[in-house]
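*Asks:* return a 3D structure for these sequence lines:
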Amino acid sequence: RAGSYLDPAGKEGLAAAVGSQLRSGGTTRWKASDFDEQAEFLAVNVSSFIGSTSGGANVNALTRTLDDPLALYFEMLAHPAFSQDRLDLYKSQQLQAMERRNDSSDAIEAREWNRLLRGQKHFTSAHSTKVSIQALTREDLVAFHRKYYHPGNFIFAVSGDFRTADMKARLEKALAGWSVSKEPVPPVPKPDFTPVPGVYIVDKPDVNQGRVSIGHLGIRRGNPDEIALEVMNGILGGADFSSRITNRVRSDEGLAYSAGSSFTAGIYYEGQFRASFQSKSATVAQAARIVLDEIERIRKDKVSADELETIKNNLIEVFPRYFGTAAAIAGTFAADEFTGRDPKYWETYRERVRAVSADDVLRVAAKYLDPDKLVILVVGNAEEILKGNPDRPQYALQKLARGGKIVRIPLPDPMTMVYPK
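*Replies:* The predicted structure is shown next:
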């Protein structure tokens with residue numbers, strides 16, 4: 001249990017650095033280069049990371065030669081050295097990557113979409129800067145590791161050809177003598193922010209396509225309508241070529257290569273509804289209008305029996321993927337244990353999908369899709385997008401905005417993440 005949400009102010013990027021350097025920075029026994037050579041000699045894949053709300057470390061090895069790889073793995077977990085040379089290299093690479101933050105329109109879209117839905121002050125909008133990366137010290141990494149890496153904060157998912165009792169004995173032996181901190185890990189903070197509906201545009205004049213996201217906040221996991229919403233979204237835009245948004249925007253009109261939607265149930269706070277697509281600058285407004293029309297249609301009209309049956313069958317057919325291999329089974333249940341999902345969720349999943357009716361889809365669409373709360377974000381060549389298609393003057397981005405007002409979002413300085421006023 002760790003994550004970037006635990007980064008101290010002024011040290012943004014610390015958790016990610018720990019996740020990287022746990023593997024790359026060597027151990028108290030093995031210098032970084034020696035650790036790399038030992039892993040290569042043993043033909044094992046050892047990795048580690050820390051994301052926004054969790055971290056992980058993995059090892060893959062043959063069962064018959066597991067002793068040495070497992071020892072190497074726990075040496076990394078328990079006794080990282082965080083080599084200064086490797087940390088300096090990591091910081092240099094981060095600063096180089098930082099310079100390119102505004103190069104990619106998909107990265108810009110993801111960043112600005114999150115700000116629009118979660119707010120500037122939420123931890124998910126707190127990005128590392130040149131100053132915060134330069135401020136990171138080896139001592140910071142050591143302190144973070146000491147605080148959050150201990151047996152009481154781990155969940156192990158193990159799969160392969162072994163006897164359970166033997167594997168448990170191996171793990172218990174590896175963890176023996178490693179003290180457990182009694183200090184609880186702080187909870188993941190919820191956003192204290194209400195998204196402001198409207199049309200927002202980020203000017204990226206060097207691209208010929210616009211990236212568009214349309215949506216609003218979703219639900220928390222455990223909501224009684226979670227399965228019905230999954231079915232509804234599958235029909236709307238979540239099921240690739242059988243969904244309405246994909247068919248209308250991509251297949252029928254030829255306005256985008258990829259188009260679809262998702263309706264996520266958040267673990268720690270509300271998830272989000274998000275429809276997205278890419279389209280040529282001149283046809284962005286037309287494609288956006290189609291998506292909005294499809295949102296309204298599924299809110300007002302019952303879905304057909306064929307659509308409903310197709311999506312329900314799809315969801316039931318892909319269900320075995322969660323349990324198709326020993327690794328998938330272990331990973332699924334470990335993730336559920338980590339996030340506190342109801343243990344009976346999977347037991348009744350298929351029955352609950354089968355029980356969803358067209359009335360259910362209409363009800364949840366009307367209840368949870370709210371046109372008045374929609375945020376529309378466009379990233380691309382603003383001049384060309386606003387100019388639209390002269391052959392289809394009825395479609396204009398300005399017509400999608402309240403009062404025709406479109407809010408322009410400037411690009412921040414990539415090294416400071418300060419936005420121009």
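
*Asks:* flag the helix or strand of this structure with the lowest per-element mean pLDDT.
*Replies:* helix 326-339 (a mean of 93; mean pLDDT, DSSP states H and E).

*Asks:* what sits up against that one?
*Replies:* Here helix 326-339 makes contact (C-beta atoms under 8 Å, 6 or more residues apart in numbering) with 1, 54, 155-160, 221, 267, 321-323, 341, 343, 345-346. (C-beta placed from N, C-alpha, C; glycine too.)

*Asks:* just the buried subset of those, please.
*Replies:* Neighbour-count burial (16 or more other C-beta atoms under 10 Å) applied to the contacts of helix 326-339 gives 1, 54, 157, 221, 267, 341.

*Asks:* quick check, nearest of these to Gln394?
*Replies:* Arg221 (40.9 Å; C-beta to C-beta).

*Asks:* residues near the closest residue to the closest one other than its chain neighbours, how many?
*Replies:* Distances taken as C-beta to C-beta, 6 or more residues apart in numbering put Ala265 closest to Arg221, at 4.2 Å, once the chain neighbours are dropped. Around Ala265 there are 18 other residues, counting by other C-beta atoms under 10 Å.

*Asks:* got it, and the one 3 residues further on?
*Replies:* Using other C-beta under 10 Å, Tyr268 has 15 other residues around it.

*Asks:* cool, Ser4 as well?
*Replies:* The burial count for Ser4: 21, using other C-beta under 10 Å.

*Asks:* that one against Gly19, yeah?
*Replies:* No - applying C-beta atoms under 8 Å, one finds Ser4 not in contact with Gly19, separated by 9.3 Å.

*Asks:* who touches both of the two?
*Replies:* With contacts taken as C-beta under 8 Å, 6+ apart, Ser4 and Gly19 have 50-51 as neighbours in common.

*Asks:* which residues sit in contact with Val158?
*Replies:* Taking C-beta under 8 Å, 6+ apart as the test, what Val158 contacts is 167, 171, 330.

*Asks:* any idea which of these is closest to Val249?
*Replies:* Ala330 (38.5 Å).

*Asks:* can you tell me how far the closest one is from Ser104?
*Replies:* Counting by C-beta to C-beta, to the nearest Å, the separation of Ala330 from Ser104 is 34 Å.

*Asks:* in this protein, which spans are strands?
*Replies:* Assigned strands in the chain, in chain order: 45-50, 55-60, 198-203, 209-217, 219-220, 259-263, 265-266, 272-280, 375-380, 406-408 (criterion: DSSP state E).

*Asks:* and those: which comes nearest Gly237?
*Replies:* Using C-beta to C-beta, the strands of the chain put strand 259-263 closest to Gly237, at 3.0 Å.

*Asks:* report pLDDT for Ala239.
*Replies:* Ala239 carries a pLDDT value of 84.

*Asks:* thought it was touching Glu317?
*Replies:* No - Ala239 lies out of contact with Glu317 (C-beta under 8 Å); the separation is 11.3 Å.

*Asks:* between those two, which one's more packed in?
*Replies:* Ala239 (22 against 10).

*Asks:* what sits against that one?
*Replies:* 246, 310-311, 314.

*Asks:* phi first, then psi, for Pro414.
*Replies:* phi -70, psi -20 (degrees, to the nearest 10).

*Asks:* can you check the one 5 residues further on too?
*Replies:* Per-residue torsions, Tyr419: phi -90, psi 140 (degrees, to the nearest 10).

*Asks:* with Ala2 instead?
*Replies:* Taking degrees, to the nearest 10, you get phi -160, psi -180 for the backbone angles of Ala2.

*Asks:* can you get me a residue count around it?
*Replies:* 21.

*Asks:* measure the closest residue to Leu308 other than its chain neighbours to Ser159 for me?
*Replies:* Spatial nearest neighbour of Leu308, chain neighbours left out: Ala358 (5.5 Å); criterion: C-beta to C-beta, 6+ apart. The gap separating Ala358 from Ser159 is 40 Å, by C-beta to C-beta.
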